[in-house]
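Undergrad: Quick one: sequence plus predicted model below, questions after.
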Amino acid sequence: MTAPTRRNLQFALGGLRVLDALLQCQPDMFRPDFYGMMLMMNRAAPPAWLWNWITDVEPMVISHPTAVNATAVTVQICIGLGLMWRPTVRPALALSVPWALVVWLFGEMGGGIFVGGGSALTGAPGPALLYAVSALLLWPRRPDVAAAAADGGLIPRSATPFVWVALWAGTAALESGYLDRSPTYASQAMDTAALTGPGWLHAAGEAVGGLVGGHGALFAACAGTVQAAIGLGVLFQRTRRGSLVAGALLALFYAVVGQALGGILSNGITGIMGSGATDPGTGPIVVLLALALWPRRAVDVGSSGPAGAGPTDHAHGAPREMEESMAGPA
């Protein structure tokens, strides 16, 4: 498999941002009750510090819903189109990170990681946080070849695999929560998601939810084990590609049976702009993240070997594939 270039992935991230902006244009999202519901849902669930921030922001937001929503649409359109036009990629990525963190905290309440019941199945750690991480990974590489060979965006090359470890090992840890281990939590989450999808999504969610049934603790244990293996697998050269593929597929599976693609198809394909959804869930951004971390071959600067020879670490003579994660052409 040949991974997309960094420029391809920047464009894809821009496409996701434009989709989110279009979803934000739904008429209901310009009404005060939309933001009141979004900010105040699960009133007792967030930790105190996050709840205090939300209660400070909520009066201003519901008092000016049109201005707030218009600002959200404008920011996301600017980010999306900025990523699609090469000269504005850097400012678009720079704006994407703080905006994503604001949405993650206030719009997604931390993606579910601060409350009971948060899991990869239901969308943790939230697409907004993964948008921010992807922006750091996809920062345009430096133009000089020597620097580019050690360039992993704004995240050090040696640390890029740990983004995947943090994602999957972190969500594996969430499976140990008391609510996630309850007998019917997973099946109920799937059944609830199935109600917001068309026929095929409804059938998929109901089928898997029925299979899990009252075996929530077993599902949590199996899911946690698989997710931990996916996260740790990226640290080893032989299992890295398999880990990335497995993570992307599992994220898509969860996106279908646990998130109903964020609810964007709740009114069918023609009713997307009346679905009330704000994004397609975590599946697409996890796939993009896997492609961003896919091993690539880089120019072996200073090598006197034959053209096309594999890159090596000159100090030890070992393959540098683990270091090639973000070395594709910009």
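TA: Thanks, I have the structure now.
Undergrad: Please enumerate the helices of the stretch 151-300 of the chain.
TA: Using DSSP state H, counting those that start in this stretch, the helices found in the stretch 151-300 of the chain span residues 160-174, 185-194, 199-212, 216-233, 237-257, 283-292.
Undergrad: Taking helix 237-257 as reference, get the angle to the last one.
TA: Using axes from the mean of the first three to the mean of the last three C-alpha atoms, to 10 degrees, the direction of helix 283-292 lies 170 degrees away from that of helix 237-257.
Undergrad: and helix 283-292, what other elements does it pack with?
TA: Contacts defined by 3 or more C-beta pairs under 8 Å, 6 or more residues apart in numbering; DSSP states H and E place helix 283-292 against helix 6-23, helix 127-137, helix 160-174, helix 237-257. C-beta here means a position set from N, CA and C on the backbone, and glycine is covered the same way.
Undergrad: Packing partners of the third one?
TA: Right, helix 160-174. Using 3+ C-beta pairs under 8 Å, 6+ apart, the elements in contact with helix 160-174 are helix 127-137, helix 216-233, helix 237-257, helix 283-292.
Undergrad: Tell me the helix or strand right after the host helix or strand of Leu81.
TA: Assigned by DSSP states H and E, Leu81 belongs to helix 65-84. Using DSSP H and E, the helix or strand that follows helix 65-84 towards the C-terminus is helix 89-102.
Undergrad: in that next one, what counts as buried?
TA: Within helix 89-102, the residues that count as buried by 16 or more other C-beta atoms under 10 Å are Val89, Ala92, Leu93, Leu95, Ser96, Val97, Trp99, Ala100.
Undergrad: what would those look like in JSON lines with pLDDT and distance to Met190?
TA: Rendered in JSON lines, the data for the buried residues of helix 89-102 read as follows (pLDDT from 0 to 100; distance: C-beta to C-beta, whole Å):
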{"residue": "Val89", "pLDDT": "97", "distance to Met190": "38"}
{"residue": "Ala92", "pLDDT": "98", "distance to Met190": "36"}
{"residue": "Leu93", "pLDDT": "97", "distance to Met190": "35"}
{"residue": "Leu95", "pLDDT": "97", "distance to Met190": "36"}
{"residue": "Ser96", "pLDDT": "97", "distance to Met190": "31"}
{"residue": "Val97", "pLDDT": "97", "distance to Met190": "32"}
{"residue": "Trp99", "pLDDT": "97", "distance to Met190": "31"}
{"residue": "Ala100", "pLDDT": "97", "distance to Met190": "27"}
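Undergrad: which one of these is nearest Thr71?
TA: Trp99 (10.2 Å; C-beta to C-beta).
Undergrad: What's the separation between the residue lying closest to the closest one once chain neighbours are set aside and Pro98?
TA: Using C-beta to C-beta, 6 or more residues apart in numbering and skipping residues adjacent in sequence, the residue nearest Trp99 is Val75, 5.6 Å away. Counting by C-beta to C-beta, to the nearest Å, the separation of Val75 from Pro98 is 10 Å.
Undergrad: likewise Leu252?
TA: 28 Å.
Undergrad: Okay, now the unreliable bits of the stretch 151-300 of the chain?
TA: The stretch 151-300 of the chain contains residues with pLDDT under 70 at 151-152, 297-300.
Undergrad: Val226 is in contact with Leu250, isn't it?
TA: Yes. Val226 sits in contact with Leu250 when judged by C-beta atoms under 8 Å, with a separation of 7.0 Å.
Undergrad: between these two, which one's more packed in?
TA: Leu250 (20 against 17; other C-beta atoms under 10 Å).
Undergrad: Surely the more buried one is in contact with Ala229?
TA: No. If you go by C-beta under 8 Å, Leu250 and Ala229 don't touch, sitting 10.5 Å apart.
Undergrad: In terms of pLDDT, where does Asp313 sit?
TA: For Asp313, the pLDDT comes out at 41.
Undergrad: err, Met326, not the other one
TA: In this prediction Met326 is given a pLDDT of 46.
Undergrad: With the one 3 residues further on instead?
TA: Here the pLDDT value assigned to Pro329 is 37.
Undergrad: and Pro59, what helix or strand is that in?
TA: Applying DSSP H and E, one finds Pro59 within helix 48-63.
Undergrad: How about that helix, which residues are buried there?
TA: Leu50, Trp51, Ile54, Val57, Glu58, Val61, Ile62.
Undergrad: Now that helix - C-alpha only, CSV.
TA: The C-alpha trace of helix 48-63 is given here as CSV (Å, rounded to 0.1, in the frame of the first residue of the first chain):
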residue,chain,number,x,y,z
ALA,A,48,-16.4,20.5,38.3
TRP,A,49,-13.7,22.5,36.5
LEU,A,50,-15.3,21.8,33.0
TRP,A,51,-18.8,22.4,34.4
ASN,A,52,-17.7,25.8,35.7
TRP,A,53,-16.3,26.8,32.3
ILE,A,54,-19.5,25.7,30.6
THR,A,55,-21.8,27.6,32.9
ASP,A,56,-19.7,30.7,32.4
VAL,A,57,-19.9,30.4,28.6
GLU,A,58,-23.5,29.2,28.3
PRO,A,59,-25.4,32.5,28.9
MET,A,60,-23.3,34.4,26.3
VAL,A,61,-23.8,31.7,23.7
ILE,A,62,-27.5,31.2,24.0
SER,A,63,-28.0,35.0,24.1
